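Engineer: Below are the sequence and a predicted model; questions follow.
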Amino acid sequence: MTSWSELSSREKSPGLEDAIKRQIAHGVSRYVFVHDDVEVDDPAVDASGRFFVSPREYGFTIRGFKGGKTAWARDFRNGTMLVVNAEGLSHVLSPKVPARILFVTDDGSVLQDTAMGQRAPERVPELTTVRLTINATFDLRGENPDMARTLLQRMVDRALLSGPMPGESQAVVVDHMFEFSSVVGHERRRPTDTDFSQLLDI
């Protein structure tokens with residue numbers, strides 16, 4: 001097992017910035033730093049979070065441990081961030097396996113080790129499908145009737161994606177689709193048309 005305090009000593013440069021502890025997801029906190037105006041929590045992926053990159057791109061250098069172990073390392077005023085493979089033995093990373101990211105204080109205390117994060121047990125979702133028929137009448141105000149259809153679909157999309165009001169329900173929409181839609185025209189009545197139902201007291 002690697003003792004992170006065995007990282008070969010190196011005098012820190014003056015003027016280093018602090019790594020900042022941020023909550024990046026519900027119940028998940030990471031030490032992050034700013035690179036090119038973007039906060040980085042995983043130095044083994046690019047700014048989009050999708051593609052593998054070398055930590056060298058973020059200013060990390062290879063440092064040695066006792067026993068020939070190596071790590072990508074970058075110093076901060078409040079500690080050192082390390083990037084290693086999943087086993088914690090080498091700086092050689094694989095694009096197929098998430099890197100192990102640590103944040104270690106100068107005295108060797110480990111404030112972050114992504115390998116220690118335990119995944120919450122996966123909950124089996126209780127799914128139900130709701131089919132709802134909506135009839136909405138629009139005053140077109142010069143718009144095409146098909147625009148009314150598009151507008152209604154956008155409005156329903158926004159409502160579904162925004163979810164329930166806070167405290168209203170724990171249920172969430174996981175998927176939705178429009179199965180059928182149609183536009184029914186309304187007969188226009190001109191101002192000069194006579195409503196005979198009023199004359200006949202109907």
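Structural biologist: That came through fine. Numbers count the residues shown, from 1 in each chain.
Engineer: separation between the most centrally placed residue in the chain and Phe76?
Structural biologist: Closest to where the C-alpha atoms of the chain average out (C-alpha atoms, centre = their mean) is Ala25, at 7.8 Å. Noted for Ala25: a distance of 22 Å to Phe76, by C-beta to C-beta, to the nearest Å. For glycine as for every other residue, the C-beta is placed from the backbone atoms N, C-alpha and C.
Engineer: With Glu87 instead?
Structural biologist: Distance from Glu87 to Phe76, by C-beta to C-beta: 24 Å.
Engineer: for Val32, what are its contacts?
Structural biologist: Val32 makes contacts with Ala19, Ile20, Lys21, Arg22, Ile24, Glu39, Val40, Asp41, as judged by C-beta atoms under 8 Å, 6 or more residues apart in numbering.
Engineer: More neighbours: which of Glu87 and Phe76?
Structural biologist: Phe76 (16 against 11; other C-beta atoms under 10 Å).
Engineer: in stretch 138-158, what counts as buried?
Structural biologist: Ala148, Arg149, Leu152 (16 or more other C-beta atoms under 10 Å).
Engineer: Double-check that the last one belongs to a helix.
Structural biologist: It refers to Leu152. Yes: Leu152: assigned to a helix according to DSSP: H, G, I helix; E, B strand; the rest coil.
Engineer: pLDDT at it, what is it?
Structural biologist: On pLDDT, Leu152 comes in at 89.
Engineer: How much space separates it from Val130?
Structural biologist: The spacing between Leu152 and Val130, counted by C-beta to C-beta, is 17 Å.
Engineer: my read is Val34 is in a strand, agree?
Structural biologist: Yes: under three-state DSSP, Val34 falls within a strand.
Engineer: got a list of what it touches?
Structural biologist: Taking C-beta under 8 Å, 6+ apart, one finds Glu17, Val40 in contact with Val34.
Engineer: Can you tell me how far it is from Arg154?
Structural biologist: 36 Å.
Engineer: Also Arg63?
Structural biologist: Using C-beta to C-beta, Arg63 is found at 53 Å from Arg154.
Engineer: Can you verify my assumption that Ala44 contacts Val83?
Structural biologist: Yes: the criterion here is C-beta atoms under 8 Å, and Ala44 meets it with Val83 at 5.9 Å.
Engineer: Report the set of residues contacting both of those two.
Structural biologist: Common neighbours of Ala44 and Val83 (C-beta under 8 Å, 6+ apart) are Pro55, Leu93, Ala99, Ile101.
Engineer: tell me the two of those that are most distant?
Structural biologist: Spanning the widest gap among the shared contacts of Ala44 and Val83 are Leu93 and Ile101, at 10.7 Å by C-beta to C-beta.
Engineer: can you count the residues close to Val84?
Structural biologist: 27.
Engineer: Leu102 - that's part of a strand, no?
Structural biologist: Yes: Leu102 sits within a strand when classified using three-state DSSP.
Engineer: The nearest residue to Arg131 once chain neighbours are set aside - how many residues pack around it?
Structural biologist: Spatial nearest neighbour of Arg131, chain neighbours left out: Glu179 (7.6 Å); criterion: C-beta to C-beta, 6 or more residues apart in numbering. Counted with other C-beta under 10 Å, residues neighbouring Glu179 total 6.
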